[in-house]
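> Need a 3D model of the following:
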Amino acid sequence: TLPETLYPGAHFITPLVDSVETFDLRDHIFTAGISEAAGKAGMRNTALNVQSLEGLNIGLAVTVRYRLDPNKLASVQAHLPQPVDKELVPPVVDSAWRELAPSYTVREIFSTKREEVRSKAAAIITRKLGDDGILVEEVMLSDIQLPEEYSKGLEGLLLKEQEYDQLGVVTDIQQK
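Sure thing, here's the model as predicted:
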C-alpha cells in the first residue's frame, strides 16, 4: 500500500502491478437505538441499552456523523477491518456510551446533565475513532427511553407537583 491518497484528477497506474482501492470520503451516518427517523430511512435500528448509576436500563437513540480521514487512508486499508462502517464504528460508539452512562443517574441523563453526557461521549468517540483515521463531525443524542417503572413514578411525581402548585394557587386566592 502506498501511503498516499490519489485525489480527484488524472493519475497513471501501472496495469497488473498497481491497483487502486476507492474509499467514500463523504460524511456517513451511524444510527443506533430507538429512532423513528432511522426506521423511515431504512437504516439499521439496533437498540443501544446502557445502565445508569442506579442500575436501571435506559434505551438511547444516538446518531454519529463521521468520515474517513484522507490523510490516513493507507492505515485504514492496511490495519482496520473492512468495511469500517459496520466493523469499527458501532462497537466504539456502543462502548463509549456504556462506559459513560454508569457515572450518571437516570434523571441526570434524561434532563439535568444531558448535554454534558452527550459532549463527554462525543469526546470519547472522537478520540477513539480519530486514532484509527476516522474524523467524527457530530454526535447527537436524540431520544432517551426510560425504564417503564421509572417513567410511571416520574409521571406520578409530576402530578403531585401540579397538585401542590394548584393547592398553592387556591390558597393564595382564598387569602386574598
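
> Grab the most central residue of this protein for me.
For the chain, V62 is the residue whose C-alpha lies nearest the centre (CA atoms, centre = their mean; 3.5 Å).

> Secondary structure element holding that one?
Using DSSP states H and E, V62 maps to strand 57-68.

> Tell me which strands that strand pairs with, and in which orientation.
When pairing is defined by DSSP bridges, strand 57-68 lines up against strand 28-32 (antiparallel), strand 48-51 (antiparallel), strand 134-145 (antiparallel).

> how about the helices in this protein?
Remark: helices assigned in the chain by DSSP state H are 36-41, 73-79, 84-87, 89-100, 106-107, 114-131, 148-175.

> closest one to L53 among these?
helix 106-107 (7.9 Å; CB to CB). Every residue, glycine included, has its C-beta placed from N, CA and C.

> pLDDT on the closest one, on average?
Averaging pLDDT along helix 106-107 gives 78.

> swap in stretch 119-131?
On average, stretch 119-131 scores 90.

> Next, the buried residues of it.
120-122, 124-126, 128-129 (16 or more other CB atoms under 10 Å).

> lowest-pLDDT helix or strand in the chain?
helix 36-41 (a mean of 50; mean pLDDT, DSSP states H and E).

> which residues of the protein score low on pLDDT?
1-3, 34-47, 147-159 (pLDDT under 70).

> hang on, the earlier thing: just name the most buried of the strands paired with strand 57-68.
strand 28-32 (a mean of 19; mean count of other CB atoms under 10 Å).

> now that strand against helix 114-131, angle please.
Angle, strand 28-32 to helix 114-131, by axes from the mean of the first three to the mean of the last three CA atoms, to 10 degrees: 130 degrees.

> I'd like the distance between K72 and G133.
Plainly put, K72 is 3 Å away from G133 if you go by CB to CB, to the nearest Å.

> ditto for I124
17 Å.

> for Q162, same thing?
From Q162 to G133 the distance is 52 Å (CB to CB).

> which of the two has more neighbours?
G133 (20 against 10; other CB atoms under 10 Å).

> dump the residue contacts of the more buried one.
When the contact criterion is CB atoms under 8 Å, 6 or more residues apart in numbering, the partners of G133 are 68-69, 71-73, 75-76, 80.

> Give me the phi and psi angles of it.
phi 90, psi 20 (degrees, to the nearest 10).

> Need the phi and psi values for the closest residue in space to L53 that isn't next to it in sequence.
Counting by CB to CB, 6 or more residues apart in numbering, L53 lies nearest to T105, which is 4.8 Å off, once chain neighbours are set aside. Per-residue torsions, T105: phi -80, psi 170 (degrees, to the nearest 10).
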